[in-house]
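Student: Sequence and predicted structure, then a few things I'm wondering about:
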Amino acid sequence: MKNAEYYINKNNKTVFFNLNSHYFLYNLKMGVFAKVEEPIYFLLKEWDGKSKAVISKAMHDGNIMIDVEKLLNQLNFLYASEEEKKSDFNLKENKPGNFWLLVTDACNLRCSYCYHNEDSKKMFNSNMSYETAKKAVDVFFPKYADKTTIVNFFGGEPLLNFPLIKQIVPYILEKSNQYDIKTSFSISTNAVCITSEIAEFLKQYDFFVTVSIDGGEEQHNKTRFFSNGEGSFEMVRNGVQLLKEQFDYLGARVTVTKENYSSLSDSFDQLFAMGFDAIAYKLVGACPEKLIVASDDLPIFESEIEKIADNFRNRLLDGDLKVSDRHLQWLKKIYKKPKRSECSFAMNGKLVVDPMGNFFSCQETVGNSKFKIGDVNSGIDLNKLVNCSPPPLKNRGICKDCWINDICDGMCYYSAYVKYGSFDKPIEESCAEIKDSFLDSLFLYGELYMNNPEYLNKILKSSFRDVREVEKCYNKIKNIRKAETQSLS
């Protein structure tokens, strides 16, 4: 299944793997990646992660003359307690880095899996007013905004309320300057109503644009269609072409359903051919059961994830940074693990305001009154926020003892809530995706570290704004790739 021999030591929360007789380990608890000598590798691999005396004796018996205390400190195996090293996100102490404005509930599509179809929600089909948007900004920036904040416009289809976006963006920048907040903008759109004017505006304010699209024409039209049943692909493609005239870098997001999970890697290839530079994917959440990827589908789904990872690897080795966003983000987490990287719903990492001015801490919960945490007139009720938040993974049922707990992002908590009625149980298919994509990425990290650490360093420190520069920095990898190709011919 994987391109490396590997072993997961659950006692010391470490993945050990061997690439062509080069030995690596990754300590998940502390986020430490290291290349080690073979004897050390096999000793640590069997160690229980607790008793220094046990490993000291094993090294002595193996005639390995190394200061055990120094070695374990270097590898961060002698870590402090969980409480000393990490803290849960708290809105009073840590500011959300994401502010979502759901500028409309209306949409020009009727996607079969839309989370607004959930029974407990109501489709308002209303636009946010400028007054509501202004009040939301006035609540957020003085009290809750992080020093670096992303403002994301969402819906419904946000561009159906483009007049508001044009009006509120300058006001957001005014407030950002007033409170010394570095603000950037993003938008998630189905691209159906993109015009030259809209594309130029988004470029003027340096938006990061993500297009919701589910593959090539055949796959996309199965689930993303208009109210009359007609597929939307042709209009989406026209919108993408207008965006490409303005943007050097464009992202896509694929929703994974029963309709497209078995051809996911082909969908990636078709979208890259369309001109997208980065593609993210997400398992569908609250939607009809017939559209959800089930446990019986896992072998095929896992195979598709591995194909995507392999294609990402091959492109990197050819100097082409066409990005599988999931795997790139894993590489960056491996390089510099954050305190906690799980779903922002659990960490209160975002604030969302709906068209009526109600606050939520996740866009998936909008419309479900149980998860309302305030409004633009009364502000945010911190007690409601705490009561609505899912438990962090370290406290979440069977998750707390899982080997990948410390780096897991938990995928979508709300999907689990909809499926099981509580946050305590993870969705099996999400767990499989997390583990598979992480391991594929970890082995790629080791391969790049071994063959060309300079190139790896460039990739890890890049953002979407300087990808073209990174693509120039692969000469050493290019020669390795050339040798690989010749050996196969």
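Tutor: Perfect, thanks for sending it.
Student: tell me which residues in stretch 133-141 are buried?
Tutor: For stretch 133-141, the buried set under the neighbour-count rule, 16 or more other Cβ atoms under 10 Å, comprises Ala133, Lys134, Lys135, Ala136, Val137, Val139, Phe140, Phe141. No exception for glycine: its C-beta is placed from N, CA and C like everyone else's.
Student: typo on my end, it should be stretch 156-170
Tutor: Neighbour counts using 16+ other Cβ under 10 Å place Gly156, Glu157, Pro158, Leu159, Leu160, Asn161, Phe162, Leu164, Ile165, Ile168, Val169 of stretch 156-170 among the buried residues.
Student: now stretch 438-451
Tutor: Within stretch 438-451, the residues scored as buried using 16+ other Cβ under 10 Å are 438-449, 451.
Student: And stretch 319-330, by the same measure?
Tutor: Buried-residue list, stretch 319-330, by 16+ other Cβ under 10 Å: Gly319, Leu321, Lys322, Val323, Ser324, Asp325, Arg326, His327, Leu328, Gln329, Trp330.
Student: Leaving out sequence neighbours, find the closest residue to Leu173.
Tutor: Nearest residue to Leu173 in three dimensions, chain neighbours excluded: Thr183, at 6.7 Å (Cβ to Cβ, 6 or more residues apart in numbering).
Student: Kindly report the same for Val240.
Tutor: The shortest distance from Val240 to any non-neighbouring residue, by Cβ to Cβ, 6+ apart, is to Ala191 (5.7 Å).
Student: what secondary structure does the one you found sit in?
Tutor: Here Ala191 is coil, with the state taken from DSSP: H, G, I helix; E, B strand; the rest coil.
Student: That one is in contact with Leu243, isn't it?
Tutor: Yes. At 6.9 Å, Ala191 counts as touching Leu243 under the criterion of Cβ atoms under 8 Å.
Student: between those two, which one's more packed in?
Tutor: For Ala191 versus Leu243, the count of surrounding residues by other Cβ atoms under 10 Å is larger for Ala191: 26 against 22.
Student: What residues of whichever strand or helix holds Leu72 count as buried?
Tutor: Leu72 is located in helix 68-74, with elements delineated by DSSP states H and E. Judged by neighbour count (16+ other Cβ under 10 Å), helix 68-74 contains these buried residues: Val68, Leu71, Leu72.
Student: where's the first one relative to Ser56, distance?
Tutor: Counting by Cβ to Cβ, to the nearest Å, the gap from Val68 to Ser56 is 5 Å.
Student: Now do the shared contacts for Ala191 and Leu243.
Tutor: Val211 (Cβ atoms under 8 Å, 6 or more residues apart in numbering).
Student: contacting residues for the closest residue to Ser232 other than its chain neighbours?
Tutor: The spatial neighbour of Ser232 that comes closest, neighbours along the chain excluded (Cβ to Cβ, 6+ apart), is Arg224 at 5.2 Å. Going by Cβ under 8 Å, 6+ apart, Arg224 touches Leu109, Cys111, Asn190, Ser212, Ile213, Asp214, Gly231, Ser232, Phe233, Val236.
Student: mind redoing it with 6 Å?
Tutor: Leu109, Cys111, Asp214, Ser232 (Cβ atoms under 6 Å, 6 or more residues apart in numbering).
Student: where does the last one land on pLDDT?
Tutor: It stands for Ser232. On the pLDDT scale, Ser232 is placed at 96.
Student: mind showing which ranges of the chain have poor pLDDT?
Tutor: Applying pLDDT under 70 to the chain flags the ranges 1-3, 76, 78-94, 115-125, 286, 338-341, 463-489.
Student: for Lys35, helix, strand, or coil?
Tutor: Per three-state DSSP, the local secondary structure of Lys35 is strand.
Student: What helix or strand is the residue lying closest to it once chain neighbours are set aside located in?
Tutor: In space, and not counting its chain neighbours, Lys35 is closest to Phe24: 5.4 Å by Cβ to Cβ, 6+ apart. If you go by DSSP H and E, Phe24 is part of strand 22-27.
Student: for that strand, packing partners?
Tutor: strand 14-19, strand 32-36, helix 428-451 (3 or more Cβ pairs under 6 Å, 6 or more residues apart in numbering; DSSP states H and E).
Student: buried set for that strand?
Tutor: Per 16+ other Cβ under 10 Å, strand 22-27 contains these buried residues: His22, Tyr23, Phe24, Leu25, Tyr26, Asn27.
Student: Give me the contact list for that strand.
Tutor: 14-17, 33-36, 38, 41, 76, 442, 446, 450.
Student: got the angle between it and helix 428-451?
Tutor: Angle, strand 22-27 to helix 428-451, by axes from the mean of the first three to the mean of the last three Cα atoms, to 10 degrees: 130 degrees.
Student: strands paired with strand 22-27, and their directions?
Tutor: Applying DSSP bridges to the sheet, strand 22-27 is found paired with strand 14-19 (antiparallel), strand 32-36 (antiparallel).
Student: Just the C-alpha atoms of the shortest one, please, in PDB.
Tutor: The C-alpha coordinates for strand 32-36 follow below in PDB (Å, rounded to 0.1, in the frame of the first residue of the first chain):
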ATOM      1  CA  VAL A  32      10.100  15.900  15.700                       C
ATOM      2  CA  PHE A  33      11.400  14.500  12.400                       C
ATOM      3  CA  ALA A  34      14.800  12.800  12.400                       C
ATOM      4  CA  LYS A  35      17.100  10.700  10.200                       C
ATOM      5  CA  VAL A  36      18.900   8.200  12.500                       C
END
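Student: Now do the helix or strand following that strand: everything it contacts.
Tutor: The element immediately downstream of strand 32-36 (helix or strand, assigned by DSSP H and E) is helix 38-46. Contacts made with helix 38-46 from outside it, assessed by Cβ under 6 Å, 6+ apart, are listed as Tyr7, Phe16, Tyr23, Ala58, Ile64.
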